[in-house]
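J.: can't give you the sequence, but here's the structure:
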C-alpha cells in the first residue's frame with residue numbers, strides 16, 4: 001500500500017524513505033537570523049509595511065519589477081488591474097493620512113497603491129487585531145473614487161469587519177515572492193532576507209514540506225509537526241485550484257468564468273461551517289445572488305483542525321458538480337459517490353496520492369484537478385444548462 005489509513009498496517013519501508021527525505025531536508029546548524037529577527041521587529045507591523053511597500057513598488061531596486069504587485073492583485077480578485085500596461089507606473093504610499101470627515105474618523109491607510117486610476121488600499125495586521133470601525137472608516141474615505149479595491153493582509157487570513165476588504169494571508173504573498181525570486185537571479189538580497197522572515201513565521205521551510213509529505217502519506221502516525229505542516233501545505237491548495245480554473249476557463253468557452261466564494265455547508269452532525277468553493281460558471285448559471293445556481297469546480301472545507309486524524313477522509317478537498325435548485329439536484333445521477341453533499345449534486349475527493357518523484361505536490365494536485373474538471377465539463381455542462389433553465 002502507498003499510504004496509511006485508519007485500520008490499515010503501515011508499510012514501514014515506505015515510511016523510512018519518507019523519513020529519510022525529511023531528515024535530508026532538515027537544516028544542520030541553525031540558519032542565520034534575518035534582519036528583522038536581529039532587530040526584534042518580526043512582530044512590528046511598521047517593519048512589514050515598509051518591506052512590502054518596497055517589494056510592491058514596480059520601480060523599487062529589488063529587481064522584481066511589478067511581479068509581486070501583479071500577484072497581489074490576481075490573488076485578491078483584480079486580474080484586470082494586473083494585466084494593464086500601466087502597472088509599472090503604480091505609485092505606493094505608506095501611512096496615507098485621511099483626515100476625519102462627517103462619515104469617517106481620522107485614519108491612516110497602511111498602504112495605498114495608485115494604479116491605472118484605481119486606489120488599492122491595503123490594511124496590514126501582523127499581531128494586532130482590527131480596531132473598531134477601522135476598515136469601515138477606510139472604505140468610507142475612499143468611497144468617492146471609482147471602484148477602489150480593498151485588501152486585508154494578515155498572518156491568519158481572517159476576514160475584515162467591512163465586507164469590501166478581501167482577506168489575504170501573508171503566507172500566500174510569501175509563496176508568490178518565493179516563485180518570483182527563483183525566476184530572478186539578480187534580485188536584491190534584502191528581498192531574499194524578507195522571504196526567509198515570512199517563511200519562518202509561517203513554517204514553510206524545506207524541512208516542513210518534507211514532513212508534510214510524510215503526514216499526507218502516513219497520517220496515522222502521531223508526528224505533530226508533520227501533521228501541522230500537512231495542513232499548512234493544503235491550505236495553499238485552493239489558490240492553486242483557482243489559478244487552474246482561470247487558465248482552463250477560456251479553453252472551455254468565451255462565456256466561461258471562474259467564481260470563488262464562501263459557502264456555509266450543513267454537515268450531518270455539525271452546525272453550518274465555512275466551505276470555500278471555486279467554480280467555472282456561465283452567465284446563465286449565476287442567478288440573482290452571489291451564489292451561482294450551477295458550476296463545476298472544487299470545495300475546500302474549513303474544519304481541518306477540528307478532527308485532524310481524518311484529514312485524508314472527509315476533510316480532503318473535493319471536486320464535482322454544484323447545483324443549488326433542490327429538485328434537479330435531487331434527481332441528478334450520482335456517478336462518483338452515492339450521496340450528495342450540501343449543494344453538490346455529484347462529487348468526489350481529490351486524490352492526494354503521490355510518488356516519491358513528485359517534487360511539487362500542489363502542482364500535481366492542480367494538474368489532477370484540471371483533468372477531472374475538464375472531463376466533468378465536457379460530460380455535464382449541457383445537462384447543467386437544462387437543469388438551470390428548467
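T.: Okay, I see it. On a predicted model such as this, the values are computed, not experimentally measured, just so you know.
J.: which ones are touching the closest residue to residue 142 other than its chain neighbours?
T.: Residue nearest to residue 142 in three dimensions, not counting chain neighbours: residue 148, with 4.2 Å by Cβ to Cβ, 6 or more residues apart in numbering. Every C-beta, even on glycine, is put in place using the N, C-alpha and C of the backbone. By Cβ atoms under 8 Å, 6 or more residues apart in numbering, the contact set of residue 148 is 118-121, 139, 142.
J.: just the closest of these to residue 316, please.
T.: residue 120 (34.5 Å; Cβ to Cβ).
J.: neighbours of the closest residue to residue 176 other than its chain neighbours, just the number please.
T.: Excluding its sequence neighbours, the residue lying closest to residue 176 (Cβ to Cβ, 6+ apart) is residue 71, at 3.8 Å. Counted with other Cβ atoms under 10 Å, the neighbours of residue 71 add up to 20.
J.: also residue 361?
T.: With other Cβ under 10 Å as criterion, residue 361 counts 20.
J.: which strands or helices does the host helix or strand of residue 54 pack on?
T.: Per DSSP states H and E: residue 54 is located in helix 45-56. Counting contacts by 3 or more Cβ pairs under 8 Å, 6 or more residues apart in numbering; DSSP states H and E, helix 45-56 packs against helix 67-75, strand 91-98, strand 107-115, strand 118-125, helix 170-182, helix 189-202.
J.: give me the contact list for the fifth one.
T.: With contacts defined as Cβ under 8 Å, 6+ apart, helix 170-182 is touched by 48, 52, 55, 64, 67-68, 71-72, 75, 126, 153-155, 157, 187, 191-192, 194-195, 198-199, 201-202, 204, 232, 235-236, 239.
J.: likewise the fourth one?
T.: By Cβ under 8 Å, 6+ apart, the list of residues contacting strand 118-125 from outside reads 45, 48-49, 52, 72-73, 78, 81, 109-114, 130, 134-135, 138, 142, 145-155, 158, 160, 165.
J.: what does the first one give?
T.: The contact list for helix 67-75, computed with Cβ under 8 Å, 6+ apart, reads 55-58, 79, 81-82, 87, 90, 113, 115, 120, 122, 149, 151, 168, 172-173, 176-177, 180, 184, 239.
J.: mean confidence for that helix?
T.: In this model, helix 67-75 has an average pLDDT of 96.
J.: picking up where we left off before, residue 365: which of the helices and strands packed on helix 45-56 is closest?
T.: Closest among the helices and strands packed on helix 45-56, using Cβ to Cβ: helix 170-182, at 14.6 Å.
J.: relative to helix 67-75, how tilted is the closest one?
T.: 140 degrees (axes from the mean of the first three to the mean of the last three Cα atoms, to 10 degrees).
J.: now the residue of the chain positioned farthest from its centre. Its backbone dihedrals?
T.: Distance from the centre of the chain peaks at residue 102, with 36.8 Å (Cα atoms, centre = their mean). Per-residue torsions, residue 102: phi -60, psi -20 (degrees, to the nearest 10).
J.: that older thread, of all the contacts of residue 148, which two lie farthest apart?
T.: Taking Cβ to Cβ, no two of the contacts of residue 148 sit farther apart than 118 and 139, at 14.5 Å.
J.: residue 248 touches residue 280, doesn't it?
T.: Yes. Between residue 248 and residue 280 there is a contact at 6.9 Å, judged by Cβ atoms under 8 Å.
J.: between the two, which contacts overlap?
T.: What both residue 248 and residue 280 touch, as defined by Cβ under 8 Å, 6+ apart, is the set residue 373.
J.: neighbour-wise, which of the two wins?
T.: residue 280 (26 against 20).
J.: and that one, that's in a strand?
T.: Yes. Looking at residue 280 with DSSP: H, G, I helix; E, B strand; the rest coil, it is inside a strand.
J.: wait, what's in contact with it?
T.: Residue 280 neighbours (Cβ under 8 Å, 6+ apart): 245, 248-249, 252, 256-258, 295-297, 373, 377.
J.: now do 10 Å
T.: Residue 280 makes contact with 245-246, 248-249, 252-253, 256-259, 292, 294-297, 322, 373-374, 376-377, 381, according to Cβ atoms under 10 Å, 6 or more residues apart in numbering.
J.: and the gap between it and residue 389?
T.: Using Cβ to Cβ, to the nearest Å, residue 280 is found at 18 Å from residue 389.
J.: which regions of the protein lie under the pLDDT threshold?
T.: Regions of the chain meeting the criterion pLDDT under 70 cover residues 1-31, 203-211, 214-215, 218-226, 266-272, 302-315, 339-340.
J.: do you know how far the spatially most central residue of it is from residue 80?
T.: The centroid of the chain falls nearest to residue 239 when counting by Cα atoms, centre = their mean (3.6 Å). Applying Cβ to Cβ, the value for residue 239 to residue 80 is 18 Å.
J.: so where's the longest helix in the chain?
T.: Across the chain, the longest stretch assigned as helix under DSSP state H is helix 361-389.
J.: tell me where the stretch 151-300 of the chain has helices.
T.: With helices called from DSSP state H, counting those that start in this stretch, the stretch 151-300 of the chain shows them at 170-182, 189-202, 206-217, 224-235, 237-252.
J.: got JSON lines for these, with distance to residue 360 too?
T.: Putting those into JSON lines (distance: least, Cβ to Cβ, whole Å) gives the following:
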{"stretch": "helix 170-182", "distance to residue 360": "11"}
{"stretch": "helix 189-202", "distance to residue 360": "16"}
{"stretch": "helix 206-217", "distance to residue 360": "10"}
{"stretch": "helix 224-235", "distance to residue 360": "11"}
{"stretch": "helix 237-252", "distance to residue 360": "10"}
